[in-house]
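*Asks:* fold the stuff below for me.
(one chain, ligands or ions: 1)
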Amino acid sequence: MRLKRSDFPRWFVFGVATSAYQIEGAVNEDGREHSIWDVFSHINGNIKNNENGDIACDHYHRFEEDISIISELGLDSYRFSIAWPRVVKKDGKKNEKGLDFYNRLVDRLLEKDIIPFVTLYHWDLPYYLYEKGGWLSNDIAYYFRDYAALIFEELGDRVKYWITLNEPWCSSHLGYFMGIHAPGHKNLNEAIKVAHNLLRSHGYAVEAFREIVKDGKIGITNVVTKVEPANEREEDYQFALLVDELINGWFHDPIVFGRYPENAKGFLKRFGIKIYENDMKIISNDIDFFGVNYYTRQLIEYSPENPFMYKQIIGKLPKTEMNWEIYPQGLYDMLKKLYFRYKLPLYITENGMAGPDKLENEIVNDDYRIDYLEQHFKMALKAVNDGVDLRGYFIWTLMDNFEWIEGYSKRFGIIYTDYKTQKRYLKESALWLKEFLSN
Ligand SMILES: N=[N+]=NCCCCNC(=O)[C@@H]1[C@H]2[C@H](O)[C@@H](O)[C@H](O)[C@@H](CO)[C@@H]12
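*Replies:* Next up, the predicted model:
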C-alpha cells in the first residue's frame with residue numbers, strides 16, 4: 001500500500017535539514033572567523049582525499065536558488081544551522097555582514113512560506129574560543145549563552161523553532177575521545193567534561209531564550225541509535241543497556257531528570273573518569289521538544305578481552321554507503337522509548353542515507369533512497385498512530401554536501417551536487433518526495 005502525505009495528520013511537518021559548515025563555503029568572506037572544522041579539515045590526513053569545507057555547496061552565495069528548490073518540492077520547513085564564527089568576531093563584537101546573511105536567509109524562507117528551524121551549534125566552534133579552552137572550559141557556557149542571546153535578539157521575531165545543539169554525543173565522543181572529529185582529541189576524561197559543558201551551555205541558552213523569545217519553542221537534537229544485544233546472551237543484553245545509557249541516556253536524562261544515568265556513571269567511575277554534576281538545575285531547564293537524529297542501530301557483544309568489556313558487531317542487514325545497517329524498526333522503537341520515558345514532543349530532525357548516487361544524463365536513479373525514506377516514514381507514522389507526540393520529520397539532507405571526515409565522497413542529498421559546476425540536480429528521490437507531498 002503506497003504511503004500518502006494524507007496518511008499523516010495535517011499538522012505534521014515535513015522538512016529537510018542541512019548545517020552551515022557542510023554547505024555554506026565562503027569560509028573567509030565578510031569577516032567570518034575560522035572554526036575548529038576549518039583548522040581540522042586543513043590538517044593532512046584528517047579528511048578523505050584531504051578535502052575541506054572552503055567552498056562546499058557555495059550556499060552562502062546560492063541560498064536563494066536552494067530555497068527555491070525547497071519550495072518547489074513542497075516542503076513545509078527547513079532546518080539549518082548558524083555558523084557561530086560568521087556572526088561573532090574574535091573581539092566579541094557581532095559581525096553585521098554575517099548576521100545580514102542569516103536575516104536574508106530567514107526572510108527568503110518566510111516569503112516562500114517555509115518554516116525556519118534553526119540550530120545554534122552544528123559543530124563549528126570558533127577557533128578563537130577553542131584557543132581559550134573551548135568546550136573544556138567552564139566559561140564556554142557563558143560565551144554560548146551570549147551568542148545564543150545575540151541570535152535570539154536578531155532572528156527571534158521571525159524564527160519560532162530553535163535547537164541549541166546538534167548531537168552533543170558527536171561533539172564530545174567523536175571530537176574528544178575517538179579523535180575522528182574536530183578538534184581531534186583522544187581523552188575520555190575530556191570527552192565527559194566536554195559533554196557536561198555542552199549540556200550546561202544548552203541550559204544557559206534555554207534560560208536566555210525564555211527571556212527573549214516568549215512565543216518560541218526550543219529543544220536539543222541528539223543522535224539516537226537503537227542499541228541491541230548481538231546475541232541472546234544475558235551479558236550482551238546487560239552491556240547493550242549500558243551502551244544505551246552511555247550514548248543515548250547520557251544526553252537526555254540530565255535535561256529531563258537532572259541527573260546522569262546511574263549504570264553508565266558507575267561504569268565510567270570504575271575507569272577513573274571524573275563525573276561532573278554541577279549546574280544540573282540549569283541543564284534541566286524545561287525544553288519544548290527533543291530533536292531525534294536517527295540513522296541505524298548498534299549491536300553490542302560482551303567481550304571481556306576488550307578494555308571496556310564490550311565490542312560493537314557489524315550486523316547482517318543491508319547497509320548504506322556509510323556501512324550503517326538500514327533498520328527502520330529502530331526508529332519506531334526509539335521514538336516510543338524516548339516519548340514514553342521523557343514525555344516530551346519529538347521531531348525527527350535528521351533521517352536519511354548515503355547512497356551510490358551516479359549522475360547519468362542529468363538523472364540520478366536513487367530508488368534505494370526512495371525505499372529507505374518510505375520505510376522510515378512508515379515507522380514515523382506508526383509511532384504517531386501509537387500515541388507518540390511526533391510533530392515532524394526532516395530528511396538529511398537537502399543536497400550532497402561536506403560529509404565531515406568522509407569529505408565529498410558520501411552523498412546523502414535528495415539533490416545531487418555537481419561540485420565542479422555547483423549545479424543542483426533533483427534525484428529521483430526528490431521527484432518522489434514532491435509527488436508524495438503533493439497529495
Ligand atoms: N554506528 N553508528 N552510527 C550512527 C551514528 C551516526 C553519527 N553521525 C551522525 O549522526 C551525523 C549527523 C550530523 O548531524 C550530520 O551533520 C551528518 O552529516 C549526518 C550524516 O553522517 C549525521
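*Asks:* so what's the residue of the chain at minimum distance from the ligand up against?
*Replies:* Closest residue of the chain to the ligand, C-beta to the nearest ligand atom: Val223 (3.8 Å). C-beta here means a position set from N, CA and C on the backbone, and glycine is covered the same way. Residues near Val223 by C-beta atoms under 8 Å, 6 or more residues apart in numbering: 167, 169-170, 247, 293-295, 350.
*Asks:* now Lys319
*Replies:* 325-326.
*Asks:* show me where the stretch 1-150 of the chain has strands.
*Replies:* Ranges of strands in the stretch 1-150 of the chain, per DSSP state E, counting those that start in this stretch, are 13-17, 77-81, 115-121.
*Asks:* of all these, which one comes closest to Glu29?
*Replies:* Smallest distance to Glu29 across the strands of the stretch 1-150 of the chain (C-beta to C-beta): 17.2 Å, for strand 77-81.
*Asks:* residue contacts, the residue nearest to Trp135 when sequence neighbours are not counted?
*Replies:* Nearest non-adjacent residue to Trp135, counting by C-beta to C-beta, 6 or more residues apart in numbering: Val194, 4.2 Å away. Val194 makes contact with 135-136, 171-172, 175-176, according to C-beta under 8 Å, 6+ apart.
*Asks:* need the CA coordinates for stretch 65-79. CSV is fine.
*Replies:* C-alpha atoms of stretch 65-79 as CSV (Å, rounded to 0.1, in the frame of the first residue of the first chain):
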residue,chain,number,x,y,z
GLU,A,65,18.3,29.1,-5.5
ASP,A,66,18.5,26.4,-2.8
ILE,A,67,15.4,27.8,-1.0
SER,A,68,13.5,27.9,-4.4
ILE,A,69,14.2,24.1,-4.7
ILE,A,70,12.9,23.5,-1.1
SER,A,71,9.8,25.5,-2.0
GLU,A,72,9.4,23.7,-5.4
LEU,A,73,9.4,20.3,-3.6
GLY,A,74,6.5,21.5,-1.4
LEU,A,75,8.3,21.1,1.9
ASP,A,76,6.9,22.8,5.0
SER,A,77,10.1,23.5,6.8
TYR,A,78,13.9,23.9,6.5
ARG,A,79,16.3,23.1,9.3
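*Asks:* can you tell if that stretch touches the ligand?
*Replies:* No. Under the criterion of C-beta under 6 Å from any ligand atom, stretch 65-79 makes no contact with the ligand; the nearest approach is 10.1 Å.
*Asks:* pull out the buried residues from that stretch.
*Replies:* Using 16 or more other C-beta atoms under 10 Å as the burial criterion, the residues of stretch 65-79 that qualify are 66-67, 69-71, 73, 75-79.
*Asks:* what does the stretch 301-439 of the chain have sitting close to the ligand?
*Replies:* With C-beta under 6 Å from any ligand atom as the criterion, the stretch 301-439 of the chain meets the ligand at residues 324, 350, 396, 403, 412.
*Asks:* so the fourth one makes contact with Gln22?
*Replies:* So the one you mean is Glu403. Yes. Glu403 is within contact range of Gln22, at 7.3 Å (criterion: C-beta atoms under 8 Å).
*Asks:* the more surrounded of those two?
*Replies:* More crowded of Glu403 and Gln22, by other C-beta atoms under 10 Å: Gln22, with 24 against 20.
*Asks:* was I right about the more buried one contacting Asn401?
*Replies:* Yes. Contact criterion C-beta under 8 Å: Gln22 and Asn401 qualify, at 4.1 Å.
*Asks:* overlap in contacts of these two?
*Replies:* With C-beta under 8 Å, 6+ apart as the test, Gln22 and Asn401 both reach 56-57.
*Asks:* and Leu346, backbone torsions?
*Replies:* phi -130, psi 150 (degrees, to the nearest 10).
*Asks:* over to the nearest residue to it once chain neighbours are set aside: give its phi and psi.
*Replies:* Among residues not flanking Leu346 along the chain, Leu390 sits closest, at 4.9 Å (C-beta to C-beta, 6+ apart). Note on Leu390: its backbone torsions stand at phi -90, psi 130 [degrees, to the nearest 10].
*Asks:* kindly report the same for Ser303.
*Replies:* phi -150, psi 80.
*Asks:* would you quantify the distance from it to Lys311?
*Replies:* Computed as C-beta to C-beta, to the nearest Å, the Ser303 to Lys311 distance reads 4 Å.
*Asks:* just Ser35 next, same as before
*Replies:* From Ser35 to Lys311 the distance is 33 Å (C-beta to C-beta).
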